[in-house]
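[1] below are the sequence and a predicted model for it; my questions follow.
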Amino acid sequence: MAVPIGVFDSGVGGLSVLRAIRQQMPQQPVIYLADQAHVPYGQRSLLEVRAFSEEITRFLLSQAARLVVVACNAASAAALHHLRLAFPQVPFVGMEPAVKPAAEQTRTGVVGVLATPATFQGELYTSVVERFAQGVRLLQDTCPGLVKQIEAGQLDTPATRVILERALIPMLAEKIDTIVLGCTHYPFVIPLIQEIAGPGVRVIDPAPAVARQAGRLLEAAGLQAGPQDAPGWVHIYTSADPVALQGLLPGLLGCIVPVQQAVWQGSKLVL
């Protein structure tokens, strides 16, 4: 019997990972939690993000999830190690900025990284850079306001373009040939990024690699759905307005999925 994957993010960004999971494992059920009451995580303290992440994990496990994907770079940076200690029986997959493939593929030796402040300040990012980016010049930008635009469904508007141009034009002047997306929200604006950057710049979306890792862990545990199983269902929850989130799904997922609300009562998340 196929078991659900639990996926969470501070908002809609993790839907880019959900989309990749559905493409690679269409028979696997998925439970998704968007903690939109607290979006964005990138500007919050590590302790706050850890507390949110731990309670969301408990919620997903209560809904029968057997593997959890932390589909948020800020939460992965702040809480992934903590979650693995707190729930040793649960396999976790987190987000790691794709600096390694970027460093391997760049021809100019200059790579642009777009991420939130929490990701850049986290130990995970520092570790990845130290291990894999020796000899490569990394240009970083936090793209202020971009997460808010994507949460509002503003994927290709003049305001969104201005945010990306402010980040990318100085990088392009320095001859970047690769862009790393260090926030799960950002894949939704890849078409706009490519339009600004041009065909000679590669954009690395980490979501497919995360979905593959989730599949490997499920297979190793004997939990992966097989081709004989029926198409997996998707349950989506938000800690904010379910109607607003459901209205964004056609543009972000290309389909309509019912959205339920899970409410924060103090430090607890309840239906």
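    Looks like it came in fine.
[2] okay, now the unreliable bits of the chain?
    Applying pLDDT under 70 to the chain picks out residues 1.
[3] the strands in it, which residues?
    5-9, 30-34, 67-70, 92-93, 110-115, 137-141, 178-182, 202-204, 234-238, 259-261, 263-265, 268-270 (DSSP state E).
[4] let's have the ones you listed in CSV, adding distance to residue 58.
    Where C-beta positions appear, they are placed from N, C-alpha and C, glycine not excepted. Shown next, in CSV, are these (distance: least, CB to CB, whole Å):
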stretch, distance to residue 58
strand 5-9, 10
strand 30-34, 11
strand 67-70, 10
strand 92-93, 13
strand 110-115, 27
strand 137-141, 34
strand 178-182, 27
strand 202-204, 32
strand 234-238, 13
strand 259-261, 17
strand 263-265, 13
strand 268-270, 8
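[5] may I see those organised as a markdown table, with distance to residue 46 and mean neighbour count added?
    Formatted as a markdown table, the strands of the chain follow (distance: least, CB to CB, whole Å; neighbours: other CB atoms under 10 Å):
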| stretch | distance to residue 46 | mean neighbour count |
| --- | --- | --- |
| strand 5-9 | 17 | 28 |
| strand 30-34 | 20 | 26 |
| strand 67-70 | 14 | 26 |
| strand 92-93 | 17 | 22 |
| strand 110-115 | 16 | 24 |
| strand 137-141 | 19 | 17 |
| strand 178-182 | 17 | 27 |
| strand 202-204 | 26 | 20 |
| strand 234-238 | 23 | 21 |
| strand 259-261 | 27 | 16 |
| strand 263-265 | 19 | 12 |
| strand 268-270 | 19 | 14 |
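[6] among those strands, which is nearest residue 170?
    The closest of these to residue 170 is strand 137-141. By CB to CB, the value is 7.6 Å.
[7] how distant is that closest one from the center of its chain?
    Centroid separation for strand 137-141 versus its chain: 20 Å, with CA atoms, centre = their mean, to the nearest Å.
[8] when you give positions from now on, start the count at 70
    Okay, using 70 as the starting number, the last item reads as strand 206-210.
[9] partner strands of that strand, parallel or antiparallel?
    strand 179-184 (parallel) (DSSP bridges).
[10] next, the distance between the ends of stretch 280-297.
    With CA to CA, to the nearest Å applied, stretch 280-297 spans 20 Å between its terminal residues.
[11] stretch 195-214 too?
    24 Å.
[12] what comes into contact with it?
    111, 165-166, 168-169, 171-172, 175, 178-186, 189, 228, 232-233, 235-237, 239-240, 243, 245, 252, 255 (CB atoms under 8 Å, 6 or more residues apart in numbering).
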